[in-house]
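Peer 1: got a predicted structure here, sequence first:
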Amino acid sequence: MISYPMKLVLAVTLVGCFSLLGSTTSVMAESAQQTATERSNSLSQSKPLATTSRKVPLRLVLPPLPPGQPPGGRRYGGARRGACPVGNPALTALVPLTEQPTSIMNVWGLTTVEHPTFWFYTPYAKGSSYPADFVLLDEESNPIYRQDIVLPSEPGVISVSLPTTAPKLNLGKQYRWFFNIYCENQKQQAPIYVEGVIQRVNLKPAIAQQLQYAQPRQQVAIYASNGIWYEALTTLAQLRQNSPQDATLQQEWQDLLIFVGLNDIAAKPLLLKN
């Protein structure tokens with residue numbers, strides 16, 4: 001039998017244990033609540049950093065020039081000829097321009113498709129009644145395709161697509177193109193023209209796989225980062241035509257054109273295909 005003094009000691013001891021247990025539980029609860037509060041504050045503080053991060057503008061990685069004779073070319077329509085008024089900006093090919101140490105200007109870009117789309121800014125509209133055409137030459141300077149072009153109803157950026165009935169571009173071959181505007185109906189005088197070279201290449205399998213699973217906006221960046229100018233610009237133009245009020249697409253279009261030196265064309269209207 002436990003004596004009364006011993007019972008008193010046990011009771012006091014138990015009370016102390018329960019008091020200590022309750023105190024420990026309270027401290028643990030307060031610590032857990034503080035940790036949760038700190039984590040919540042940390043997350044709330046990190047959110048503005050994510051939302052205010054600035055997107056990197058579109059950039060084209062310029063591919064090296066092809067071996068052999070420089071492509072040359074003419075990105076701007078040049079000075080006034082005959083009856084043509086001066087365009088401001090002038091007739092312009094939307095293609096990168098690189099300059100060699102010998103002051104040779106090279107208007108040159110890559111494509112991955114058999115029938116690419118070309119882009120031009122024309123300061124001349126349909127009301128001028130000026131004839132225009134697009135001509136494609138092979139590596140031996142033989143004309144392989146010609147298309148009459150109807151000028152748009154207002155100055156702006158237009159496209160010229162090679163139809164599937166035209167000869168396809170072969171891999172590794174260079175093709176020279178011309179976009180001509182004649183300032184009188186009989187074409188007796190030399191036209192205002194732009195000129196450049198296009199070459200079709202194969203994509204690396206890894207890049208092709210990226211494109212297969214990418215959204216169109218992502219495809220633009222993939223093409224540009226791999227030096228494929230024509231598909232980067234055409235894909236972005238199609239996105240803009242599908243969503244003409246999308247301010248982000250408009251900004252990406254301007255970023256890409258400004259990066260290749262087409263500052264005066266970047267804000268010009270993108271006209272629907274004829």
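Peer 2: Happy to help now that I have it. Numbering: from 1, shown residues only.

Peer 1: and the strands in the stretch 1-150 of the chain?
Peer 2: With DSSP state E, counting those that start in this stretch as the criterion, the stretch 1-150 of the chain has strands at 92-93, 97-99, 105-111, 117-122, 132-137, 143-149.

Peer 1: per-stretch mean pLDDT over the ones you listed, give me the minimum one.
Peer 2: Here the strands of the stretch 1-150 of the chain differ in mean pLDDT, and the lowest is strand 97-99 at a mean of 88.

Peer 1: okay, buried residues for that one please.
Peer 2: Of the residues in strand 97-99, Leu97, Thr98 count as buried by neighbour count, 16 or more other CB atoms under 10 Å. C-beta: built from backbone N, CA, C; applies to glycine.

Peer 1: can you check stretch 263-274 too?
Peer 2: In stretch 263-274, counting by 16+ other CB under 10 Å, buried: Ile265, Ala266, Lys268, Leu270, Leu271.

Peer 1: cool, and stretch 202-212?
Peer 2: Neighbour counts over stretch 202-212 (16+ other CB under 10 Å) mark Leu203, Ile207, Leu211 as buried.

Peer 1: between those, which sits nearest Gly196?
Peer 2: Ranked by distance to Gly196 (CB to CB), the buried residues of stretch 202-212 are led by Leu203 at 21.4 Å.

Peer 1: grab the nearest non-local neighbour of the closest one.
Peer 2: Spatially, and ignoring its direct neighbours in sequence, Leu203 is nearest to Thr112 (5.6 Å; CB to CB, 6 or more residues apart in numbering).

Peer 1: tell me the spacing between the one you found and Pro155.
Peer 2: Applying CB to CB, to the nearest Å, the value for Thr112 to Pro155 is 30 Å.

Peer 1: ok, now Pro101?
Peer 2: 35 Å.

Peer 1: so for the two, which sits in the more crowded spot?
Peer 2: Applying other CB atoms under 10 Å to Pro101 and Pro155 shows that Pro155 carries more neighbours, namely 18 against 5.

Peer 1: and the closest residue to that one other than its chain neighbours, what does it touch?
Peer 2: Once flanking residues are discounted, Pro155 sits nearest to Pro123: 4.8 Å by CB to CB, 6+ apart. Contacts for Pro123 were tallied using CB atoms under 8 Å, 6 or more residues apart in numbering; they are Gly87, Asn88, Pro89, Ala90, Leu91, Pro155.
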